[in-house]
Structure formats: structure tokens, C-alpha cells
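A.B. asks: The following comprises the amino acid sequence and a computationally predicted model.
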Amino acid sequence: MANTTSAKKATRKIARRTEVNKARRSRMRTFVRKVEDAIASGDKEAALAALKAAEPVMARAAQKGVVHKRTASRKVSRLVHQVAKLA
């Protein structure tokens with residue numbers, strides 16, 4: 001357990017940031033899942049639309065430190081490649 005006042009405050013801050021990061025990560029995964037579902041159904045138009053919506057969400061998650069920049073880039077790249085294969 002935290003002893004000092006500053007350690008207690010740090011614990012509170014970490015708890016708040018964890019909640020925010022969980023929400024951001026969950027939002028990102030939801031958008032990715034929408035793209036993957038559209039790809040699985042074979043609907044290229046829906047997949048493109050979902051990808052267009054998901055890309056900025058993933059970039060924002062990377063910018064905020066929820067995921068690493070390269071992780072987000074890799075995920076976007078793989079989704080783009082899968083959508084392109086639908087043609």
C-alpha cells in the first residue's frame with residue numbers, strides 16, 4: 001500500500017488513466033472488429049467504409065499511447081491489404 005501522499009495521488013491518477021485507456025482500447029477494437037466482419041462477409045464497400053472510420057481511431061489510440069505507433073500502423077496496413085484482396 002502507498003505510504004506517502006504523493007504515492008497515494010499517483011495511485012489515483014493511474015486508476016483514472018487506466019479507465020480512459022481501457023475505453024480507448026475498447027473503442028479501437030470495436031472499430032477493427034467492424035472492418036473484420038465486413039471483410040468476412042465479402043462486402044468490399046462496407047469494408048472500405050469501416051476501414052475509413054477505423055483508421056483515425058487507431059491513429060488516435062497510438063497518439064495517446066494506448067498502443068504503440070508501429071502496432072497501429074501494422075494493424076492498419078494488414079486491414080488495408082485484406083480489403084484490397086476483396087476486389
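C.D. replies: Yep, it's here.
A.B. asks: So which elements touch the helix ranked longest in the chain?
C.D. replies: For the chain, the longest helix by residue count, based on DSSP state H, is helix 5-41. Secondary-structure packing of helix 5-41 (3 or more Cβ pairs under 8 Å, 6 or more residues apart in numbering; DSSP states H and E): helix 44-63, helix 69-84. (Glycine included, C-beta is placed from N, CA and C.)
A.B. asks: quick check: angle from the shortest one to helix 44-63?
C.D. replies: It stands for helix 69-84. 180 degrees (axes from the mean of the first three to the mean of the last three Cα atoms, to 10 degrees).
A.B. asks: Could you dump the helices and strands packed on helix 5-41 into TSV with distance to S6 and mean neighbour count added?
C.D. replies: Formatted as TSV, the helices and strands packed on helix 5-41 follow (distance: least, Cβ to Cβ, whole Å; neighbours: other Cβ atoms under 10 Å):
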stretch	distance to S6	mean neighbour count
helix 44-63	28	17
helix 69-84	30	14
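A.B. asks: export these to a markdown table and tack on distance to F31 and mean pLDDT?
C.D. replies: A markdown table is the format used below for the helices and strands packed on helix 5-41 (distance: least, Cβ to Cβ, whole Å; pLDDT from 0 to 100):
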| stretch | distance to F31 | mean pLDDT |
| --- | --- | --- |
| helix 44-63 | 4 | 97 |
| helix 69-84 | 10 | 97 |
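A.B. asks: Once you drop chain neighbours, what's closest to K69?
C.D. replies: A62 (4.6 Å; Cβ to Cβ, 6 or more residues apart in numbering).
A.B. asks: What pLDDT is listed against the spatially most central residue of the chain?
C.D. replies: Most central in the chain under Cα atoms, centre = their mean is M28, positioned 2.8 Å from the mean C-alpha point. pLDDT, M28: 97.
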